[in-house]
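Asker: with the sequence up front, the predicted model follows.
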Amino acid sequence: MPSVFIKTYGCQMNERDSEAVAAQLLAKGYSLAPSESVADVVLLNTCSVRDLAEQKAINKMRNLVGTARSEKRDQIVGFLGCMAQSRGRELIDRLPDVDLVLGTQKFHRAAEYLDELLSGKREKIVDVAPEAKSEAAIREHLLNGSARTSVSAFVSIMQGCNQHCTFCIVPATRGEERSRTIPDVVAECRELAERGVKEITLLGQIVTSFGRSEKREAWQAAQMLGNQAFPVLPDGGADLPLNPLPAASPPAPTRPSSPFVQLLDAVHAIAGLERIRFTSPHPKGYGDDLVDAYARLPKLCESAHLPLQSGSDRILKLMHRGYTREKFLGIIRKLRRARPGIGITTDIIVGFPGETEEDFAQTLSLCREAEFDNAYIFKYSPRRDTPAADMPDQVPTPIREERNHRLLELVNDIAARKYDAFVGRQVQILVEGPSRKNAARCTGRTRCNKIVLFDGGDRHRGQLMDVKIERTGSFTLYGDPAVVNL
Ligand code: SAM
């Protein structure tokens, strides 16, 4: 049977889609090739969020087909995912050696189409059409594929995005929001737990919108599973300290929770599962029910990714984000009150059209106030058919670069201080297996999502264990398991 090599660009959703395609092909008898040069099939699962990611995939494909041609090798090559969806046939017009272009609602058809191409039944296939229920088609896992995935798994709970931020191409590449049902997601998570998975990360473009477009269905399922009610927290959190004392016991429930929190409750009830995470949420989705879930669900890890994008209210409005800096800081206060020590990360775009030095100063000041554990900083990249691409006052590249550099310095300084504060502390980690860079070391993650390295072996894989943090590196903690549990 043929061998396949899949290279993934972009986010965790793309990683998950590639994993599901690989598992689907393995089930059909394909093998996974160790490198692209020996594979019968090479698939590039692409990202469109920034122009750089698209250019990387296009250049990679150009190199692949050039090498295969010069070595007179017969290789089937294809584009999958976001760029395949947004560019479709245009990719074959530009690179005529490409055999397959498969959009974001078609990952589950990869095996069927590759069979047709390999058997010579068809010469080229482009399929980027929408397909009903495709949101529930990403479900196969490669549990033995890598050290990390056998302990910890990603579960795709929804597809698409209805938020329409003015900078973002995702609604065009992933389509309208479509959520799986709660019982369907729970069944997949339960199966993973039965196969030894201890940590599940629920994935979607905006997970906090889960079930919003299919409210009735999610509600019915939730009633079957026993819905939780949640307390309403006082005001917008403005009066809460940013680094608070331990949580007080939550007030009495007063309102039924959102479909996403219902899902968290249902996944939390699965025996054998130890940790739950989710990404990517939208700050608007951090209602009091979700904050309360952090206070009452022990398996929900004290870690949250809150994409900020800008600290300036004026820019947030131009971006169509739907919150203000005060509202954003209020959410952080509430989360830190509910779960002291929670790790908070963010995404920030610098150089959005019209961003002035004053707007950028607002972003810097918010970062100082919020003290993120880490921030992913992106230079604004104009995307086709997005409103921001046509906005006036596009920020020149050197200014974008300079702001990127300044913000990175600030974020790294704050993060280094936060990491240093772990030295001498004992933390619980879930061991994922040997480190990729040094097999004599094991890697694990704290509940607040920090990577910990320690001298260990395969016997530690999958264990929840306590380690004492001895020192820090760049976004890494080094621990010693020998001194704990005495
Ligand atoms: N759920 C996230 C949210 O609430 O915005 C969106 C995830 S998006 C796929 C990942 C990140 O890419 C965004 O948070 C944003 O910071 C960045 N991004 C998206 N479009 C961009 C663009 N046109 N230029 C630069 N960065 C962009």
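Answerer: Okay, I see it. If you're wondering where the values come from, they're calculated on a predicted model, not measured in any experiment.

Asker: buried ones in stretch 395-408?
Answerer: Residues 395, 400, 403-404, 407 are the ones in stretch 395-408 that count as buried (16 or more other Cβ atoms under 10 Å). Quick note: C-beta positions are derived from backbone N, CA and C, even for glycine.

Asker: out of the residues you listed, who's nearest the ligand?
Answerer: Nearest to the ligand out of those is Arg400 (Cβ to the nearest ligand atom; 9.5 Å).

Asker: wasn't the closest one part of a strand?
Answerer: No. Going by DSSP: H, G, I helix; E, B strand; the rest coil, the assignment for Arg400 is helix, not a strand.

Asker: could you list the low-pLDDT ranges of the protein?
Answerer: 144-149, 215-254, 482-486 (pLDDT under 70).

Asker: quick one: name the residues of it near the ligand.
Answerer: Taking Cβ under 6 Å from any ligand atom as the measure of proximity, the chain contacts the ligand at 11, 49-50, 165, 167-168, 170, 205-206, 280, 282, 307, 309, 347, 349, 378, 380-381, 383.

Asker: quick one, which of these are buried?
Answerer: 11, 49-50, 165, 167-168, 170, 205-206, 280, 282, 307, 309, 349, 378, 380-381, 383.

Asker: show me the buried residues of stretch 395-408 that map onto helices.
Answerer: Among the buried residues of stretch 395-408, the ones falling in helices (DSSP state H) are 400, 403-404, 407.

Asker: wait, which of those is closest to Val98?
Answerer: Arg400 (31.7 Å; Cβ to Cβ).

Asker: pull the contacting residues for that closest one.
Answerer: 350-351, 379-380 (Cβ atoms under 8 Å, 6 or more residues apart in numbering).

Asker: hmm, 6 Å instead?
Answerer: If you count contacts by Cβ atoms under 6 Å, 6 or more residues apart in numbering, Arg400 has them with 350-351, 379.

Asker: can I get those residues in CSV including distance to Ala439, neighbour count and secondary structure?
Answerer: Rendered in CSV, the data for the contacts of Arg400 read as follows (distance: Cβ to Cβ, whole Å; neighbours: other Cβ atoms under 10 Å; DSSP: H, G, I helix; E, B strand; the rest coil):
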residue, distance to Ala439, neighbour count, secondary structure
Val350, 38, 25, strand
Gly351, 41, 22, coil
Lys379, 36, 17, strand
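
Asker: quick one, what contacts Glu19?
Answerer: If a contact means Cβ under 6 Å, 6+ apart, then Glu19 has Leu142 as its contacts.

Asker: distance check, it against Ile6.
Answerer: Here Glu19 is placed at a distance of 9 Å from Ile6 (Cβ to Cβ, to the nearest Å).

Asker: you'd agree Met61 is in a helix?
Answerer: Yes. In this structure, Met61 lies within a helix as judged by three-state DSSP.

Asker: with Phe79 as the reference, measure out to it.
Answerer: Taken as Cβ to Cβ, the spacing of Met61 relative to Phe79 amounts to 7 Å.

Asker: the two: which has the busier surroundings?
Answerer: Between Met61 and Phe79, counting by other Cβ atoms under 10 Å, Phe79 is the more crowded of the two (27 against 22).

Asker: which SS state does the more buried one fall under?
Answerer: Under the three-state scheme (three-state DSSP), Phe79 adopts strand.

Asker: overlap in contacts of Met61 and Phe79?
Answerer: Both Met61 and Phe79 are contacted by Leu44, under the criterion Cβ under 6 Å, 6+ apart.

Asker: residues touching Tyr376, list them.
Answerer: Taking Cβ under 6 Å, 6+ apart as the contact definition, Tyr376 lies against Asp347.

Asker: that's a helix at it, yeah?
Answerer: No. With the criterion set as three-state DSSP, the secondary structure at Tyr376 is strand rather than a helix.

Asker: any idea what it is bridged to?
Answerer: Beta-bridge pairing of Tyr376 under DSSP bridges involves Asp347.

Asker: and the gap between it and Gln12?
Answerer: Distance from Tyr376 to Gln12, counting by Cβ to Cβ: 12 Å.

Asker: could you do Val197 as well?
Answerer: For Val197, the distance to Gln12 (Cβ to Cβ) stands at 16 Å.

Asker: for the residue nearest to Ala23 when sequence neighbours are not counted, what are phi and psi?
Answerer: The shortest distance from Ala23 to any non-neighbouring residue, by Cβ to Cβ, 6 or more residues apart in numbering, is to Glu140 (3.5 Å). According to degrees, to the nearest 10, the main-chain angles of Glu140 amount to phi -80, psi 140.

Asker: can you report how many residues neighbour Glu140?
Answerer: Every residue meeting other Cβ under 10 Å relative to Glu140 is counted, giving 17.

Asker: for Glu409, same thing?
Answerer: For Glu409, the neighbour count with other Cβ under 10 Å is 10.

Asker: just the CA trace of the helix or strand where it lies, in CSV.
Answerer: Under the assignment given by DSSP states H and E, the secondary-structure element containing Glu409 is helix 397-420. Only the C-alpha atoms of helix 397-420 are listed here, as CSV (Å, rounded to 0.1, in the frame of the first residue of the first chain):
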residue,chain,number,x,y,z
THR,A,397,6.0,47.4,7.3
PRO,A,398,9.0,49.0,9.2
ILE,A,399,6.6,50.4,11.8
ARG,A,400,4.8,47.0,12.1
GLU,A,401,8.2,45.4,12.6
GLU,A,402,9.3,47.9,15.1
ARG,A,403,6.1,47.6,17.2
ASN,A,404,6.3,43.8,17.0
HIS,A,405,9.9,44.0,18.4
ARG,A,406,9.0,46.4,21.2
LEU,A,407,5.9,44.3,22.3
LEU,A,408,7.8,41.1,22.1
GLU,A,409,10.5,42.5,24.5
LEU,A,410,7.8,43.6,27.0
VAL,A,411,5.9,40.3,26.8
ASN,A,412,9.1,38.2,27.2
ASP,A,413,10.2,40.3,30.2
ILE,A,414,6.9,39.7,32.0
ALA,A,415,6.8,36.0,31.0
ALA,A,416,10.4,35.5,32.3
ARG,A,417,9.4,37.0,35.7
LYS,A,418,6.4,34.8,35.8
TYR,A,419,8.4,31.7,35.0
ASP,A,420,11.1,32.6,37.5
